[in-house]
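In: test case, fold it:
(one chain, ligands or ions: 1)
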Amino acid sequence: MTGPRQLEQLDREAARLAPGASEESALGRRVFVEGRGAVLTDLDGNQYIDLAAGTLTQSLGHCHPEVVAALAEQAARLWNVHDFATADRAGLCDLLADLLPEYLDTYSFFSTGAEVVEAALRTVQAVAEPGRNRVGALRYGFHGKTQGARMLVHWDIGNQAFAGNSVLGYSPYCYRCPLELAYPSCGVRCATLVRRHIAEKSNVSALVFEPVLGAAGVIVPPPGYWEQIADSCREHGVLLVADEVLTGGGRTGTFLAAERFGIEPDLVALSKGMASGFPFAVLAGRSDVLRHPQVGRAGSTASTYSNNPLGIAAARATLEVVRRDTLIEQVDVLGALLSEGLVELQAKHAVLGDVRGVGLLYGLEFVRDRDTREPAPEIAREVYLAALDLGLRTSIGGHIIRLAPPFTIDRDLLEEGIALLGRALERVTGAER
Ligand SMILES: Cc1ncc(COP(=O)(O)O)c(C=O)c1O
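Out: A predicted model of the protein is given here:
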């Protein structure tokens with residue numbers, strides 16, 4: 001239950017605050033005042049294990065001391081000089097060169113996920129051959145809320161599809177296969193159809209995709225999906241633009257999810273895993289694309305907050321810790337623990353229709369009935385709220401709950417978090433009902 005001091009704050013702002021908050025904050029009604037590592041504290045002093053890691057931003061947990069120190073030091077010195085170089089920028093470029101595949105050697109810096117997706121789209125537009133005026137995207141993809149990004153969005157929870165000039169292909173949503181087939185006997189037909197589409201439509205300039213579709217519920221492609229599609233894009237001169245705003249920075253067990261799935265994108269958009277929750281985004285690309293004369297025209301990467309000194313300092317500190325403490329290796333170790341715990345919960349609770357994920361990124365799909373697979377958003381909501389009341393923060397969207405713990409979470413705390421989720425499920429479906 002939301003405590004009295006929080007209720008007072010929420011009531012006070014309610015008359016003035018425009019509606020439109022995320023489902024998780026509108027439902028959760030909490031006022032958080034502090035975050036340390038994987039633990040949040042609310043205004044009434046209650047604590048929560050944060051298995052949503054901020055907005056999947058806190059790979060190092062909340063308020064990592066080295067990031068706090070870097071930000072405090074920068075905040076005391078310099079906040080904005082347009083896109084002039086600052087002392088950390090060259091170091092950040094070196095770090096990115098070290099962490100990313102070698103061929104992704106050119107970068108520009110922005111503030112948000114949607115902004116960097118827009119920068120990628122502008123890049124595609126600038127290098128596209130005449131007649132290639134369409135951009136491919138995948139069903140269930142999410143790429144942000146600015147108009148260009150929305151053109152690519154086809155995720156029907158919270159955001160309406162907006163046709164624009166994008167071309168949508170099948171995503172590898174095995175649990176709800178649109179072709180009513182089953183893996184592996186399907187031969188990954190969804191990919192074959194995307195491949196055919198790319199081969200037949202000579203007007204597609206790029207495919208913008210999430211290697212693992214995050215917002216729509218952590219849709220993890222089966223083997224063979226990306227191989228087919230990436231080959232086809234290469235063959236037909238279609239640029240591969242990986243939207244790794246959510247997955248980039250190690251969340252799936254490799255710095256880029258694209259590496260895990262054997263894709264070599266031409267451009268990559270990164271944000272959440274870059275700067276520990278400070279608004280920051282990176283467009284990484286092949287130098288021949290980002291140094292193309294039409295792309296690198298004066299001012300094309302500049303905006304009020306692009307190359308922001310605070311963002312650069314936070315990103316540099318974050319990525320230095322990720323590299324020095326070999327945190328990405330921890331992702332698979334902790335991910336195995338998380339997966340094991342969730343599979344056990346699924347065996348006990350029929351409402352958990354599907355549990356899927358990779359690294360430290362998991363989606364739990366709630367259903368009314370395992371046979372019909374009818375989505376059960378009302379059960380997801382009850383579980384989400386019960387978990388909060390028990391001291392566990394997760395992330396909810398429709399009938400799906402997502403889990404994305406910090407890479408630095410203590411093993412015991414992760415186990416405690418999974419146990420709390422189990423208690424929340426019991427409260428909603430079992431003995432405590
Ligand atoms: C894959 C992906 N792309 C883009 C975005 C948009 O990022 P932002 O909310 O920072 O604009 C998100 C946000 O969740 C995302 O998950």
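In: what residues does the protein put near the ligand?
Out: Residues of the chain lying near the ligand by Cβ under 6 Å from any ligand atom: 112-114, 117, 142-144, 210, 214-215, 243, 245-246, 271. For every residue, glycine as well, the C-beta is placed using N, CA and C.
In: just the ones of those in strands?
Out: If you go by DSSP state E, the residues of the chain next to the ligand have residue 243 in strands.
In: next, format the residues of the chain next to the ligand as CSV and append pLDDT and neighbour count.
Out: What follows is the residues of the chain next to the ligand, written out as CSV (pLDDT from 0 to 100; neighbours: other Cβ atoms under 10 Å):
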residue, pLDDT, neighbour count
112, 98, 18
113, 98, 25
114, 96, 21
117, 97, 28
142, 92, 27
143, 93, 32
144, 92, 23
210, 97, 26
214, 96, 28
215, 94, 25
243, 98, 32
245, 98, 29
246, 98, 29
271, 98, 30
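In: between the residues of the chain next to the ligand, which is closest to the ligand?
Out: residue 113 (2.1 Å; Cβ to the nearest ligand atom).
In: residues touching that closest one, list them.
Out: Residues in contact with residue 113, defined by Cβ atoms under 8 Å, 6 or more residues apart in numbering, are 143-144, 245-246, 269, 271-272, 281.
In: I figured residue 70 was touching residue 319, is that so?
Out: No: contact criterion Cβ atoms under 8 Å: residue 70 and residue 319 do not qualify, at 11.0 Å.
In: so where's the protein uncertain?
Out: Scanning the chain for pLDDT under 70 picks out 154-165, 431-433.
In: center of it, which residue is that?
Out: residue 246 (1.9 Å; Cα atoms, centre = their mean).
In: show me the contacts for that residue.
Out: 56, 113, 210, 214-215, 271-272, 361.
In: so what's it closest to, chain neighbours aside?
Out: residue 214 (3.9 Å; Cβ to Cβ, 6 or more residues apart in numbering).
In: likewise for residue 184?
Out: residue 222 (7.2 Å).
In: that's a strand at residue 109, yeah?
Out: Yes: per DSSP: H, G, I helix; E, B strand; the rest coil, residue 109 lies within a strand segment.
In: so which residues of the stretch 301-433 of the chain form helices?
Out: Applying DSSP state H, counting those that start in this stretch to the stretch 301-433 of the chain gives helices spanning 309-324, 327-348, 377-390, 411-429.
In: please identify the buried residues of the longest one?
Out: For helix 327-348, burial by neighbour count (16 or more other Cβ atoms under 10 Å) applies to 327-328, 330-332, 334-335, 337-339, 341-342, 345-346.
In: which among those gets closest to the ligand?
Out: residue 331 (17.7 Å).
In: gap between the closest one and residue 341?
Out: 16 Å (Cβ to Cβ, to the nearest Å).
In: how about residue 239?
Out: Distance from residue 239 to residue 341, counting by Cβ to Cβ: 39 Å.
In: before we move on, what about residue 168?
Out: 35 Å.
In: next: residue 294.
Out: Relative to residue 341, and taking Cβ to Cβ, residue 294 is found at 50 Å.
In: and for residue 302?
Out: In terms of Cβ to Cβ, residue 302 sits 46 Å off from residue 341.
In: next: residue 29.
Out: Distance from residue 29 to residue 341, by Cβ to Cβ: 27 Å.
In: swap in residue 227?
Out: 31 Å.
In: and if you look at residue 114?
Out: 33 Å.
In: and which of the residues of the chain next to the ligand is nearest to residue 396?
Out: residue 215 (11.6 Å; Cβ to Cβ).
In: go ahead and confirm the closest one touches residue 142.
Out: Yes: contact criterion Cβ under 8 Å: residue 215 and residue 142 qualify, at 3.6 Å.
In: quick one on the thing from earlier: which of the contacts of residue 113 sits closest to residue 127?
Out: Nearest member of these to residue 127, counting by Cβ to Cβ, is residue 269, at 15.9 Å.
In: surely residue 116 is in contact with residue 110?
Out: Yes: here residue 116 reaches residue 110: they are 4.7 Å apart, a contact under Cβ under 8 Å.
In: who's more crowded, those two?
Out: residue 116 (31 against 26; other Cβ atoms under 10 Å).
In: which residues does the more buried one contact?
Out: 110, 245, 269-271, 281-283.
In: sorry, back to before: isn't the residue nearest to residue 246 up against residue 142?
Out: Yes: the pair residue 214 / residue 142 is scored as a contact, 6.9 Å apart, by Cβ under 8 Å.
In: host element of residue 9?
Out: Residue 9 belongs to helix 4-14 when assigned by DSSP states H and E.
In: pull out the buried positions in that helix.
Out: residue 6.
In: so how many other residues sit close to residue 240?
Out: 22.
In: whoops, residue 411 was the one
Out: 11.
In: any idea how far the closest residue to residue 193 other than its chain neighbours lies from residue 267?
Out: Nearest non-adjacent residue to residue 193, counting by Cβ to Cβ, 6+ apart: residue 170, 5.6 Å away. Counting by Cβ to Cβ, the gap between residue 170 and residue 267 amounts to 22 Å.
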